[in-house]
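[1] structure of the sequence below:
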Amino acid sequence: MSRQTTKNRQKRQEHSFKTAWRSWYASKSPVLLFVLKFGILLALFYGLSATPWFDRMLYSYLEANAWLSNTILNSFGQHTHVSEVTIESPQFAIVLRRGCDAVEATWLFCAAVLSFRAPFMRKLPGLTAGIVVLQALNLVRIVTLYWIGLHVPDFFDSAHTELWPAAFIIVAIVLFICWMKGGNGGNVSAGRRMGVSAGGE
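    Purely as a prediction, here's the structure:
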């Protein structure tokens, strides 16, 4: 009897452990899948960013940003002109290089949206809006950095290497949260399944 009782107790303990494990996994699996997808997309980005092809595409992108920023500056009477990735005037010049773009922040935002559990057609408007906002913000960054370099040069390095990079990450996170809670429509329940309440992160 004692052996049978011990075996029954062990079986109950094993069953209890398996039940607890399945319950934990069921509650955490959406989060784990999100983290896994997000990590894969980030790895893909940083892998691509190390290739010559990415450098060529980035240079063309920076040229386009320089041209658009120069157009904006001229509309404000700055009398600048652009040469490839350089915006200059007789008073000041700014050269766009890797990091003077919104590519990383945009990819972070897109990776978060794509990793979230929701139909793709619900993701598409959010992806489009987020990309547009971040690209427009990058033009604001370039224009303001030119203005700061011209009028407040002592503040240029701090604005370039600290304030604007932090601002892009914050904006990308805010855009994702706004999409998740609002633009994601009726899929807030997916957020709850991921452990994200309707009232915050």
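[2] going by C-alpha atoms from here, please, whenever you check contacts or count neighbours.
    OK.
[3] what mean pLDDT does the strand or helix carrying residue 141 have?
    With secondary structure defined by DSSP states H and E, residue 141 is part of helix 120-151. Averaged across helix 120-151, the pLDDT comes to 93.
[4] adjust the sequence numbering to begin at 43 for everything that follows.
    From this message on, residue numbering opens at 43, which makes the last subject helix 162-193.
[5] how far off centre is the helix or strand following that helix?
    Later in the chain than helix 162-193, the nearest helix or strand by DSSP H and E is helix 198-200. Offset of helix 198-200 from its chain centre (CA atoms, centre = their mean, to the nearest Å): 23 Å.
[6] buried sites along helix 198-200?
    For helix 198-200, a neighbour-count test (16 or more other CA atoms under 10 Å) marks residue 198 as buried.
[7] ok, and what's touching stretch 144-158?
    75-77, 79-80, 83-84, 87, 162, 165, 168-169, 172-173, 176-177, 180, 210-211, 214-215, 217-218 (CA atoms under 8 Å, 6 or more residues apart in numbering).
[8] stretch 186-201 too?
    Contact with stretch 186-201 is made by 133-136, 202, as judged by CA under 8 Å, 6+ apart.
[9] repeat that for 6 Å
    By CA atoms under 6 Å, 6 or more residues apart in numbering, the residues outside stretch 186-201 that reach it are residue 134.
[10] and that stretch, how far apart are its ends?
    In stretch 186-201, first residue to last residue: 9 Å (CA to CA, to the nearest Å).
[11] what does stretch 147-165 give?
    One end of stretch 147-165 to the other measures 17 Å (CA to CA).
[12] so how far is residue 131 from residue 210?
    27 Å.
[13] no no, residue 199
    Going from residue 199 to residue 131 by CA to CA gives 19 Å.
[14] and for residue 221?
    Using CA to CA, residue 221 is found at 40 Å from residue 131.
[15] could you pull out the helices for this protein?
    If DSSP state H is used as the criterion, the helices of the chain fall at 44-90, 94-117, 145-157, 162-193, 198-200, 206-220, 230-235.
[16] worst mean pLDDT among these?
    Looking at the helices of the chain, the bottom one is helix 230-235 with a mean of 43.
[17] hmm, back to that, tell me which of residue 221 and residue 131 has more neighbours.
    Counted by other CA atoms under 10 Å, residue 221 and residue 131 do not tie: residue 221 has more neighbours, with 21 against 14.
[18] and for the closest residue in space to the more buried one that isn't next to it in sequence, the neighbour number?
    With CA to CA, 6 or more residues apart in numbering as the criterion, residue 221 has its nearest non-adjacent residue at 6.0 Å, and that residue is residue 168. Each residue near residue 168 was counted by other CA under 10 Å, and the total is 22.
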